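A.B. asks: Here is a sequence together with a model predicted from it:
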Amino acid sequence: MSAASSSTSSDSQAKRKTPPPEATSNGIDEDGFTKVPTRDERRKMRKVNKNKPSFQFNTNEFRYGKKVGIAHVRDLVLYIVAESNKPAWMQIEHKSFIKHTVLLFVPGLLPSHLGLDQIPTISCMPFSTTPPTTEGSSSLPKARVPIIPKLFTYACPTKAPGDDRKLHSVLNSLLMSPIPDSHRKQKEKEAKQLAEAANSSDIPPFLFLLTPHQMIDNDYPLPSYISPSDLPIIPGLDLSTLPPSIQSVLSASINGTGDIHVDVGIGGSTTSMSNSRGKGNRRDDPWVETSRADSPPQDGKWPVLAMDCEMVLSEDGSELARVSIIDYETGENIFDELVKPPKDIIDYRTQWSGITAEKLQHATHTLSSIQAALSTGPNPIITPHTILLGHSLECDLIALRIKHPLCIDTALIYKHPRGPPFKAGLKWLAQRWLKKEIQASDKGHDSEEDARTCVDLLRMKMLYGPDFGNALENMEPVFERLNRNKPPKTSAFIDYGNPRSSHGSKATTAIRCTSDDEIVGQMIENVKKHDFTFGRMMELANVQGWNNRGITTEQFTSENPELDLDSSLAKFSERLKKLHDNLPPNTAFIIATGHSNPLPMLQLTAKRQNFERLLKTLGNDSNDIPKEDKWMIQDDRELERATMEAREGMAFFCVKG
């Protein structure tokens, strides 16, 4: 069945076309007269229409319950842009005439917003986006996004990644793809060479140093003499002293052959010490910074010191209470001191910090004396050539009020299974890669133990190469795949947050925005410059409380006190029309919603987690647990049902004429 009419041929019955764009008034001039095209113009129009690209669903692929997954949508994009494998479920006529591809991720858009019933979890066939008009359909929801049926005749049901009880990252599935076998083998060969070179020589772990941009993206305090850059800072490094395999990796970065990044949208100095994300305390304690090194160390050694701090809570916020430093080379604990906070402590956080009132009674150090011992005194432990190692090390440096340029962070060099921006916890990394238990004492964490764990994790990286411990070692960002294409394909990543620290790190252009209007504006500005453009709209999901488990996001309610779901849907329809109207001709336009309402699933998950905590606290005796807090067999079934519904999404496909 085509988008506009029925066909008797069996071939057409197995296909569903996306619609042509709405007719425009381009043939009418400003005075209202109809413009008659010339013979040459008519010839060109016939040629364009003859080769006009279009999408067609191959419905034979849907007949046996096979549902399109988010990975299928990703692979379709790669097929259009980078000549990847041809998908069986979608056919593209005149694909070579597609000039640009736009992928818009819109979590929060539901069938009910289009005036349609909820998609059955067993449904897999594309369905009409036009609400039924038959009598007796008053029970159907009101259509509130009028632009959708004008642009897309059909919507395709999709299924988000996950399992019976969990919804996995849709964004990760959209923007991470399997590494082709040929490239994977090459990467494995290079990783083995790097591991052999690093393990057979006395080379510091330069490969794992954070670049200034990475430090900025992760809230590290940057020294005043360091400029934002994608190049690691290695004072006075002489490349000729390194093995050829490591020389080649570092040379590529130093010669500027890395990725291009453009950040737009959020103002303010990138080196501001605002302690974003609630790190540190509210006092304006003085900062110190390591002095600048313009040459390599005289003895040729860059010492590596693993650091971990424990914190307590005062009325000013988080306070430094203990500092432990382990020498990477010898394994010795070279510094371990308690620190007396300047304000009264309201919470020792003993279950996490291991700090008690009795321990701090004997503390003699203050923040300034710790700074002197570590950085500013006559014989500082941290020198200009010291490489600091830690897990989420920025928290420790903010607590110490120390700025240092040479840092390695195990939370960043080991990738989270769900991909960025998630970070794996130190306890999980120790269990997964070191096969040991840490932070298991009921007396709280031990900063010495945590610092030693960071040492062990870095040793594993040095021993087995950069790809060791990478849960996504067989995956790569789609932007990296496009960069490797011959010829390379340009890309734009337009999103909230910090694009360089997430999936956009390999995009040609990475742009951060703070509103859906900015997202649309930046997509319009960049689509003509790039082969592939990705954008994500967040307002619909935020207004419905999806990202805060039912609590409306303040960003949208405080700035727009009258904003509700109906007005957000109206604005979304206007933004979508504006975006489509401004797309260049022959642009493939794809929208993915990813998933449905996750709140019922999240609420049930929270109930199960609470029950498990209560059970652990009460020693596996469920008799003392209140009835309303118990987790029953029927709750399991309800969680599975809610998860199945949450994983339902939609995708829309068209080509701008």
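C.D. replies: Alright, I've got the coordinates.

A.B. asks: Tell me how far residue 448 lies from residue 162.
C.D. replies: Applying C-beta to C-beta, to the nearest Å, the value for residue 448 to residue 162 is 39 Å. To be clear about C-beta, it is placed using only N, CA and C from the backbone, and glycine gets the same treatment.

A.B. asks: before we move on, what about residue 334?
C.D. replies: From residue 334 to residue 162 the distance is 46 Å (C-beta to C-beta).

A.B. asks: quick one: which of those two has more around it?
C.D. replies: Just comparing residue 334 and residue 162: by other C-beta atoms under 10 Å the higher neighbour count belongs to residue 162, 18 against 12.

A.B. asks: need the strands for the stretch 101-250 of the chain, in chain order.
C.D. replies: Ranges of strands in the stretch 101-250 of the chain, per DSSP state E, counting those that start in this stretch, are 127-128, 154-159, 176-178.

A.B. asks: Pick the most deeply packed of those.
C.D. replies: strand 154-159 (a mean of 23; mean count of other C-beta atoms under 10 Å).

A.B. asks: Which elements pack onto it?
C.D. replies: With contacts defined as 3 or more C-beta pairs under 8 Å, 6 or more residues apart in numbering; DSSP states H and E, the packing partners of strand 154-159 are strand 68-69, helix 70-82, strand 127-128, strand 648-656.

A.B. asks: okay, the ones you listed, which one's buried deepest?
C.D. replies: Ranked by average neighbour count under the criterion mean count of other C-beta under 10 Å, those are headed by strand 648-656 at a mean of 25.

A.B. asks: Phi and psi next, for the nearest residue to residue 575 once chain neighbours are set aside.
C.D. replies: Beyond its immediate neighbours in the sequence, the residue positioned closest to residue 575 (C-beta to C-beta, 6 or more residues apart in numbering) is residue 520, lying 4.8 Å away. Here the main-chain torsion angles of residue 520 (degrees, to the nearest 10) amount to phi -60, psi -40.

A.B. asks: contacting residues for residue 520?
C.D. replies: With contacts defined as C-beta atoms under 8 Å, 6 or more residues apart in numbering, residue 520 is in contact with 535, 537, 575, 578-579.

A.B. asks: most neighbours, which of those residues?
C.D. replies: residue 537 leads the contacts of residue 520 on contacts (other C-beta under 10 Å) with 29 neighbours.

A.B. asks: Quick check: the gap between that residue and residue 74.
C.D. replies: Separation of residue 537 from residue 74 (C-beta to C-beta) stands at 18 Å.

A.B. asks: quick one on the thing from earlier: would you turn the helices and strands packed on strand 154-159 into TSV with mean pLDDT and distance to residue 210?
C.D. replies: Formatted as TSV, those follow (pLDDT from 0 to 100; distance: least, C-beta to C-beta, whole Å):
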stretch	mean pLDDT	distance to residue 210
strand 68-69	95	35
helix 70-82	96	29
strand 127-128	93	48
strand 648-656	96	36
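
A.B. asks: need the ones you listed in JSON lines with distance to residue 178, can you?
C.D. replies: Shown next, in JSON lines, are these (distance: least, C-beta to C-beta, whole Å):
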{"stretch": "strand 68-69", "distance to residue 178": "13"}
{"stretch": "helix 70-82", "distance to residue 178": "9"}
{"stretch": "strand 127-128", "distance to residue 178": "30"}
{"stretch": "strand 648-656", "distance to residue 178": "20"}
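
A.B. asks: Point out the one among those that comes closest to residue 121.
C.D. replies: Ranking the helices and strands packed on strand 154-159 by distance to residue 121, with C-beta to C-beta as the measure, places strand 648-656 first at 6.1 Å.

A.B. asks: Please spell out which residues along stretch 302-321 are buried.
C.D. replies: Neighbour-count burial for stretch 302-321, counted by 16 or more other C-beta atoms under 10 Å, picks out 302-314, 316, 318-321.

A.B. asks: End to end on it, go ahead and measure it.
C.D. replies: With C-alpha to C-alpha, to the nearest Å as the measure, the first residue of stretch 302-321 is 28 Å from its last.

A.B. asks: In strands only, show me the buried residues of stretch 302-321.
C.D. replies: Secondary structure of the buried residues of stretch 302-321 is defined by DSSP state E; positions in strands are 304-314, 318-321.

A.B. asks: how close does residue 639 sit to residue 233?
C.D. replies: Counting by C-beta to C-beta, the gap from residue 639 to residue 233 is 48 Å.

A.B. asks: for residue 365, that is, sorry about that
C.D. replies: When C-beta to C-beta is applied, the distance between residue 365 and residue 233 equals 29 Å.

A.B. asks: ok, those two, which is more surrounded?
C.D. replies: Here residue 365 and residue 233 are set side by side on neighbour count (other C-beta under 10 Å), and the busier one is residue 233, at 20 against 17.

A.B. asks: neighbours around the residue lying closest to that one once chain neighbours are set aside, how many?
C.D. replies: Sequence neighbours aside, residue 405 is the residue nearest to residue 233 in space, at 4.7 Å (criterion: C-beta to C-beta, 6+ apart). A count of nearby residues for residue 405, using other C-beta under 10 Å, gives 25.

A.B. asks: Can you point out the helix or strand that includes residue 405?
C.D. replies: Here residue 405 sits in a region with no helix or strand, counting by DSSP states H and E.

A.B. asks: show me what contacts it?
C.D. replies: Contact partners of residue 405, counting by C-beta under 8 Å, 6+ apart, are 212, 222-223, 226, 233, 290.

A.B. asks: Just the ones in strands from the contacts of residue 520, please.
C.D. replies: The strands in this structure, assigned by DSSP E, contain residue 535 from those.
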